[in-house]
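Colleague: model this:
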Amino acid sequence: MDKIYIISGERSGDLHASNLVLSLKSMNSKLQFRGMGGNYSKNAGVRLALDYNSVSLMGFIEVIFGFRKVLKALTLVKKDLLNYHADAVILVDFGGFNMKIAAFATQHGIPVHYYIPPKVWAWNQKRALKLKASTDQVYSILPFEPDFFSKFGMFVQYVGNPLLDEIKKFTPNDFFINKNELSTQPIVALLPGSRAQEVSAMLAKMIALVPDFPQVQFVVAGVDSLPVATYELAQAKGIKVIYNQTYDLLSHATAAVVTSGTATLETSLFNVPQLVVYSTSWLSYQIGKRLIRVPYISLPNLIAGQQVVRELIQNDFSLKNLQDELQLLLYHTERRKQILEGYTRIRERIGEARASDKVAQLILESIAKK
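Modeller: A predicted model of the protein is given here:
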């Protein structure tokens, strides 16, 4: 019986890991799974050695201060991986942590499959050589990545984007408005992120918009894996926080303000004109600014290879800029049209669905050869 160790380190990675596990199980019911992840992986049948919530950090300086926590988790996972006697390791996103696990597993002769590789094209591109040395196969969900990795002599397979699979499975709730006691006013969705640190940094600035737009209703996309207190600031101002219904919220939204991350691509696939925002500590930003080698940080713009949506990063993430941009998203027909045309190009570049099944098939073929 093949034993697989699978590791994800935040919510979207956990979701993609869980779907991959379900695809693998559908193709081989004898597989066993253990690793690190969250509720999605657990519900898919992965026995968790560690919950990712104890390790997930954002920002360069925050990671430095949280190094002891990360080191402790790395030690635990490495020990558990060896004790488990895994036939293969599957790493899902979570670059800083998983690159170390990849090197460790390779040293111990365990085949490494990397699904959603680190964004080495964004900064310190020579990390691609480390990735090449410590992986057996790499599966990409961004259409521009295989060309980038080929410059380093790597064969990386583009498998499509798993968000397409998620959206395809989604069935809108016809009673969403009534169920959540929303009004008939146009909805502006606020997506502040999925980590407590992120939400704290983004939400206060997002909800500062509310008094200037009385003609719309703002609704926060909440996740129940975070403490309720994370959203207290919004609730105290009478702003609805709706948990675990992000796709329903996007399917009803007229516009959205979204923290940079996977949610920006989800928002584009739901055809919702959006404004992308992000801020971190001053020191993290100064470090990042000097390292990052790409002109954009949001997935829609990176996939399109041009600006489709406006990004307000760090000092640009001001109330005045938020007000001006949201005004355009809501009431400027030409701006909305340009964004929607950009979304069409993005969908064309992403291609077809079924990423999880494609990766599962490739992994099983590789294990069979071993």
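Colleague: can you name the element that comes right after the lowest-mean-pLDDT helix or strand in the chain?
Modeller: Within the chain, no helix or strand scores below helix 60-65, which has a mean of 44 by mean pLDDT, DSSP states H and E. Downstream of helix 60-65, the next assigned helix or strand under DSSP states H and E is helix 67-84.
Colleague: quick check: end-to-end length of stretch 76-95?
Modeller: Its start and end residues considered, stretch 76-95 measures 18 Å (C-alpha to C-alpha, to the nearest Å).
Colleague: in it, what's buried?
Modeller: Residues of stretch 76-95 classed as buried by neighbour count (16 or more other C-beta atoms under 10 Å): 77, 80-81, 84, 86-95. Just so you know, the C-beta spots here come from the backbone N, C-alpha and C atoms, and that holds for glycine as well.
Colleague: narrow these to those in strands?
Modeller: Using DSSP state E, the subset of these located in strands is 88-92.
Colleague: so how far is V359 from the residue most central in space within the chain?
Modeller: Nearest to the mean C-alpha position of the chain, by C-alpha atoms, centre = their mean, lies T262 at 3.6 Å. Distance of T262 to V359, computed by C-beta to C-beta, to the nearest Å: 17 Å.
Colleague: quick revisit: make JSON lines out of the buried residues of stretch 76-95 and add distance to K369 and pLDDT.
Modeller: Output for the buried residues of stretch 76-95, formatted as JSON lines (distance: C-beta to C-beta, whole Å; pLDDT from 0 to 100):
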{"residue": "V77", "distance to K369": "26", "pLDDT": "95"}
{"residue": "D80", "distance to K369": "26", "pLDDT": "97"}
{"residue": "L81", "distance to K369": "22", "pLDDT": "97"}
{"residue": "Y84", "distance to K369": "22", "pLDDT": "97"}
{"residue": "A86", "distance to K369": "17", "pLDDT": "94"}
{"residue": "D87", "distance to K369": "12", "pLDDT": "93"}
{"residue": "A88", "distance to K369": "11", "pLDDT": "96"}
{"residue": "V89", "distance to K369": "16", "pLDDT": "98"}
{"residue": "I90", "distance to K369": "16", "pLDDT": "98"}
{"residue": "L91", "distance to K369": "19", "pLDDT": "98"}
{"residue": "V92", "distance to K369": "22", "pLDDT": "97"}
{"residue": "D93", "distance to K369": "25", "pLDDT": "94"}
{"residue": "F94", "distance to K369": "27", "pLDDT": "91"}
{"residue": "G95", "distance to K369": "27", "pLDDT": "89"}
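Colleague: could I get these as CSV with distance to A355?
Modeller: Formatted as CSV, the entries for the buried residues of stretch 76-95 read as follows, by distance: C-beta to C-beta, whole Å:
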residue, distance to A355
V77, 25
D80, 27
L81, 25
Y84, 26
A86, 23
D87, 23
A88, 18
V89, 19
I90, 14
L91, 16
V92, 12
D93, 13
F94, 17
G95, 19
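Colleague: farthest-separated two in those residues?
Modeller: The largest separation in the buried residues of stretch 76-95, counting by C-beta to C-beta, is between D87 and G95 at 23.6 Å.
Colleague: residues near T106, how many?
Modeller: Counted with other C-beta atoms under 10 Å, the neighbours of T106 add up to 16.
Colleague: residues in contact with it?
Modeller: 112, 133-135 (C-beta atoms under 8 Å, 6 or more residues apart in numbering).
Colleague: kindly report the same for V92.
Modeller: 6-8, 13-14, 16-17, 20, 98, 115-116.
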